[in-house]
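Peer 1: mind folding the following:
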Amino acid sequence: MMEELLYRNTILKIPTGFSLDRILRGGIETKTITQIYGEPAVGKTNLCLQILVNCIKLGKKAVFIDTEGGFSLERLKQIARERFHVVMERTKFYEVTNFEEQNFLIENLENILDETYSLIVVDSFVSLYRIFSEEEKLSNFNRILSKQLAKLSEISRKKNLAVVITNQVYSYDNEIEPVGGNILKYWSKVIMEIRKKGRVREIILRRHKYLPENISTHFIITERGIIDV
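Peer 2: Residues are numbered from 1 along each chain as shown. Have a look, this model is predicted:
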């Protein structure tokens, strides 16, 4: 029975549309939480939109959750081009404005998903982190954060879909570290960092279940999306 289930739910890879696919041997995997972190304006959202469009190209559906109010319909039009209306029809978009809304949405996501969905994007997963400053509130936040990630991991495996989360960073001992510490690191089985130097971006594979780590490639962001340098 288990072998039968695993056979039916063969892992799908969603292309990113540039040389990152060579590093990932095909693209973003289903049944996995993939974390993309980096400083503001390095291209995290652009990459998520490109993955979204490529998911729809495969004939699948997606969910896109915006927690920062940074989603741009015009930017999606530029990347999707002639497929824009199909992307809009086959994607459920949500904007959450506080942590309670984010928690409610993730807890109830499974109710709207069927076998046609292959992607959930949460951009950005911990943007509401800054409102929790007191120790007691922070402890509660971490507990709920872990519960949300556990739920997304469960959904990704049960529904055979990819979960992509973007993450912010902070500086510690002159090093850039992703927010969320060990909680996000534990649940994210694939982790990538994006760095920016002028117009060129470098994306580095920091963690993977079976691929070599610290391999990188470079890209630039154009009007039509991400392309190789």
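
Peer 1: in the sheet, who's paired with the spatially most central residue of the chain?
Peer 2: Residue closest to the mean C-alpha point of the chain, counted by Cα atoms, centre = their mean, is residue 164 at 1.9 Å. With DSSP bridges applied, residue 164 shows beta-bridge pairing to residue 34, residue 121.

Peer 1: send over stretch 27-43 as CSV, restricted to the C-alpha atoms.
Peer 2: Presented in CSV, the C-alpha positions along stretch 27-43 are these (Å, rounded to 0.1, in the frame of the first residue of the first chain):
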residue,chain,number,x,y,z
GLY,A,27,13.7,22.9,-10.3
ILE,A,28,11.8,23.4,-7.1
GLU,A,29,10.7,20.0,-5.6
THR,A,30,7.2,19.1,-4.4
LYS,A,31,6.9,17.5,-0.9
THR,A,32,9.5,20.0,0.3
ILE,A,33,9.6,23.4,2.0
THR,A,34,12.1,25.6,0.1
GLN,A,35,13.4,28.7,1.9
ILE,A,36,14.8,31.7,-0.1
TYR,A,37,16.4,34.4,2.0
GLY,A,38,18.2,37.6,1.4
GLU,A,39,18.3,41.4,2.0
PRO,A,40,15.5,43.6,0.7
ALA,A,41,15.2,44.1,-3.1
VAL,A,42,17.5,41.2,-4.0
GLY,A,43,14.9,39.4,-6.1
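
Peer 1: quick one: average confidence on it?
Peer 2: Per-residue pLDDT over stretch 27-43 has a mean of 96.

Peer 1: what does the one helix or strand residue 56 maps to rub up against?
Peer 2: For residue 56, the host element (DSSP states H and E) is helix 44-57. If you take Cβ atoms under 8 Å, 6 or more residues apart in numbering as the criterion, helix 44-57 is touched by 14-17, 27-28, 36-38, 61-62, 64, 70-71, 75-76, 79-80, 83, 86-87, 90-91, 118-119, 121, 123-124, 162, 164, 166, 194, 203, 221, 225-226. The way it works is simple: take the backbone N, C-alpha and C, and place the C-beta from them, glycine included.

Peer 1: same question for stretch 82-96.
Peer 2: For stretch 82-96, contacts defined as Cβ under 8 Å, 6+ apart pick out 52-53, 56-57, 60-67, 69, 71, 76-77, 80, 102, 105, 112.

Peer 1: thanks again, I'm all set now.
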